[in-house]
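> Following is a predicted model, sequence given first.
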Amino acid sequence: MDHHDDMTLVLLGATGDLTRRLLFPAIYRLYADGKWSPKHIIGFAKEDWSQEKFLAHIEENLKQFVEPFDTSTWKRLRDSISYQAGDLDAKSLEGLKSRIPKAAVFYLGLPPQLFGPAAEALGQAGLNRGPGWRRLVIEKPFGWDLPSAEALRESIAPWWDEDQIFRIDHFLGKDTAQNVLVFRFVNRILGSLWDSEHIQQVQITYAETLGVEGRWQYYDRAGALRDMLQNHLLQLFTLVAMEPPSDWDAADLHNHKAEVLRSVRRIAPERVADFAVAGQYGRGTLEGKPVAGYTDEEGIAASSTTETYAALKLFVDNWRWHGVPFYLRSGKRMAKDWAEIAVQWRPVPENLFGAGSADWLIFRMKPDEAIDLVMWAKRPGLGLYTAPVVLTSPYKKAGEIEYSAYEQLLLDVIQGDHSAFPRFDEVEESWRIVDPILSAWANLQPEPYAAGSEGPAAQDRLMEPGLSWRHLSLNQASGHEGV
Ligand code: BG6
């Protein structure tokens, strides 16, 4: 583990949304919980604010986002925080040099178009080299497609080595994501059943009731495929599909993740409709209230063809997964906040007790985190009838601290652990998977779905014979009549 007692955390774009909503609440929780005592945190941004104004702004937001907020904890934490106004150029950044005694993390809380220029300006100012280690943190999106991702890398690479760069995909800091690997690799009974001989399908769903929430300038250009699938959902997919690493080592992990992404069958431009569905929400009802359609939202043109829902069917051309469909979907303004990774085994070859049934293993992420194993058993009473039994392990006990993903990821950056941060080749391979779909969708009118529904009806066309999408709810398995 690196020595990090004296390190400085520099937040660039410190007056922005990421810092106030996610980073400072995470820093506060780590501090309050005794996990990290920051010595120097420097907020850097172009706003000409005084230190007092910056601290008041952070305090106000902590009160909103942290529960419980304790004034005396904040008073101690705030002593380590300072603010410096400046432009994102080498000259202004050089002013930070004398304030950084040793190791430092530079966290870019900036709009994506500034990642390259900021990384370069930090390099020109000499902040990319010590005393002490120097690290750069950037958040997705890493590019807009494969060529722009490569261009971004080229603008950063002259200044920062790959092992100095931490790309945040915050899903990898979520407990359930980490648990997929732990659960897979610590339980022997899963190991021998984790392949195409036994598994018939995998469905990864991330449904949100949220709409665009004032982010229309970004979202209307991005769409669901770029916003959620290219990064978060493909990362979750790698956790399910990768080969077991031989050691808990970041490089090993990334090799296996990149390998499985490389094995994903490429979708030919003329076959995109068979493998991907774009949807856009129209007016509807959510939790009993009428909600506007996407094109009625502030800032969105009536003619917008941006997808607010995307679904993909992927096949992995390797021995382990030959022929198994992986379904990935995510949408805004769906019926529920419901997120899960669901793996279904094949039915038994001869079902002695009536109609077919098949077992599921479900990693639930939202609304709460749990692992469900759905198996079948005799229904109590007379006759041999089957009914599903759900073995559930609630993942968190009541009263346990609720961390966002950022606490874990910040600690990992400070400790220099790359395992939860996508390496560039993973990003690259993910773009290779989605780029043909993005091109095919450039002028496509997405399929409509009502706000508050489970997505466009057209999503069903992706399903292999005999399979169907899971509902956004727990109780989907029904009993079967027996002999
Ligand atoms: C972000 C997307 O990366 O992830 C958002 O830009 C999405 O559109 C969010 O709402 C979902 O993550 P979480 O952790 O808030 O459920």
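Alright, I've got the coordinates.
> So which residues of the stretch 151-300 of the chain form strands?
With DSSP state E, counting those that start in this stretch as the criterion, the stretch 151-300 of the chain has strands at 165-168, 199-207, 276-282, 284-286, 289-291.
> Please work out which residues outside the last one touch it.
Contacting residues not belonging to strand 289-291 are listed as 211, 283-285, 333, 451-452 [Cβ atoms under 8 Å, 6 or more residues apart in numbering]. In this view, the C-beta of every residue, glycine as well, is placed from N, C-alpha and C.
> Using CSV, write out every CA atom in the host helix or strand of residue 91.
Element membership of residue 91 [criterion: DSSP states H and E] is helix 90-94. In CSV, the C-alpha atoms belonging to helix 90-94 read as follows (Å, rounded to 0.1, in the frame of the first residue of the first chain):
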residue,chain,number,x,y,z
ALA,A,90,-0.6,25.8,-17.0
LYS,A,91,0.1,29.2,-15.6
SER,A,92,-2.8,29.3,-13.2
LEU,A,93,-2.2,25.6,-12.2
GLU,A,94,1.4,26.3,-11.4
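> Under the pLDDT cut-off, which ranges of the stretch 251-400 of the chain? List them.
Low-confidence segments of the stretch 251-400 of the chain, defined by pLDDT under 70: 355-356, 397-399.
> residues near the closest residue to residue 38 other than its chain neighbours, how many?
Closest residue to residue 38 apart from its sequence neighbours, by Cβ to Cβ, 6 or more residues apart in numbering: residue 80 at 4.9 Å. The burial count assigned to residue 80 is 16, neighbours taken as other Cβ atoms under 10 Å.
> quick one: is stretch 61-76 near the ligand?
No. Judged by Cβ under 6 Å from any ligand atom, stretch 61-76 makes no contact with the ligand; its nearest approach is 12.6 Å.
> and the residue nearest to residue 94 when sequence neighbours are not counted, what does it touch?
Counting by Cβ to Cβ, 6+ apart, residue 94 lies nearest to residue 125, which is 4.5 Å off, once chain neighbours are set aside. The neighbourhood of residue 125, defined by Cβ under 8 Å, 6+ apart, consists of 90-91, 93-94, 96-97.
> Would you mind measuring from residue 125 to the ligand?
Using Cβ to the nearest ligand atom, to the nearest Å, residue 125 is found at 29 Å from the ligand.
> One more: residue 360?
Distance from residue 360 to the ligand, by Cβ to the nearest ligand atom: 22 Å.
> Can you pull the phi/psi pair for that residue?
Main-chain dihedrals, residue 360, degrees, to the nearest 10: phi -120, psi 150.
> Look up how far residue 115 lies from the residue lying closest to it once chain neighbours are set aside.
Leaving aside its sequence neighbours, residue 360 sits nearest to residue 374 (Cβ to Cβ, 6+ apart; 4.1 Å). To residue 115, residue 374 is 43 Å away according to Cβ to Cβ, to the nearest Å.
> what do you get for residue 215?
Computed as Cβ to Cβ, the residue 215 to residue 115 distance reads 18 Å.
> next one: residue 403
For residue 403, the distance to residue 115 - Cβ to Cβ - is 26 Å.
> now swap in residue 205 and tell me
On the measure of Cβ to Cβ, residue 205 and residue 115 end up 30 Å apart.
> Looking at the two, which is more packed in?
The residue with more neighbours, out of residue 205 and residue 115 and counting by other Cβ under 10 Å, is residue 205; that gives 25 against 20.
> In contact with that one, which residues?
Counting by Cβ under 8 Å, 6+ apart, residue 205 makes contact with 329-330, 338-340, 342, 469-470, 472.
> Beta-bridge partners for it, please?
Applying DSSP bridges to residue 205 gives these bridge partners: residue 329, residue 340.
> one step back: show me which of the contacts of residue 205 are buried.
Buried subset of the contacts of residue 205 (neighbour count, 16 or more other Cβ atoms under 10 Å): 329-330, 338-340, 342, 469-470, 472.
> could those go into a markdown table alongside distance to residue 262?
Listed next are the buried ones among the contacts of residue 205 as a markdown table, based on distance: Cβ to Cβ, whole Å:
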| residue | distance to residue 262 |
| --- | --- |
| 329 | 23 |
| 330 | 23 |
| 338 | 31 |
| 339 | 26 |
| 340 | 26 |
| 342 | 25 |
| 469 | 27 |
| 470 | 28 |
| 472 | 32 |
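> out of the strands of the stretch 151-300 of the chain, deepest packed?
strand 276-282 (a mean of 25; mean count of other Cβ atoms under 10 Å).
> partner strands of it, parallel or antiparallel?
For strand 276-282, the paired strands and their directions (DSSP bridges) are strand 309-314 (antiparallel), strand 447-450 (parallel).
> Residue of the stretch 1-150 of the chain nearest the ligand, please.
Taking Cβ to the nearest ligand atom, the ligand has its nearest neighbour within the stretch 1-150 of the chain at residue 140, 6.3 Å off.
> Output the contacts of residue 125 in a markdown table; the columns should cover neighbour count.
As requested, these are arranged in a markdown table below (neighbours: other Cβ atoms under 10 Å):
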| residue | neighbour count |
| --- | --- |
| 90 | 15 |
| 91 | 11 |
| 93 | 24 |
| 94 | 16 |
| 96 | 20 |
| 97 | 10 |
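> Nearest to residue 222, out of those residues: which one, please.
residue 93 (28.6 Å; Cβ to Cβ).
> how much space between the closest one and residue 28?
Residue 93 sits 26 Å away from residue 28, going by Cβ to Cβ.
> For the one residue in the chain that gets nearest to the ligand, which residues are in contact?
Nearest residue of the chain to the ligand, counting by Cβ to the nearest ligand atom: residue 227, 4.8 Å away. Residues in contact with residue 227 (Cβ under 8 Å, 6+ apart) are 141, 219.
> What parts of the stretch 201-350 of the chain come near the ligand?
For the stretch 201-350 of the chain, the contact set with the ligand under Cβ under 6 Å from any ligand atom comprises 208, 210, 227.
> any idea which of these is closest to residue 444?
For those, the nearest to residue 444 is residue 227 (16.8 Å; Cβ to Cβ).
> sorry, back to before: which of the strands paired with strand 276-282 is buried the deepest?
Mean neighbour count (mean count of other Cβ under 10 Å) peaks for strand 309-314 among the strands paired with strand 276-282, with a mean of 26.
> Between strand 199-207 and that one, find me the angle.
160 degrees (axes from the mean of the first three to the mean of the last three Cα atoms, to 10 degrees).
> so where do the helices sit in the stretch 351-483 of the chain?
Secondary structure of the stretch 351-483 of the chain (DSSP state H, counting those that start in this stretch): helices at 405-415, 424-441.
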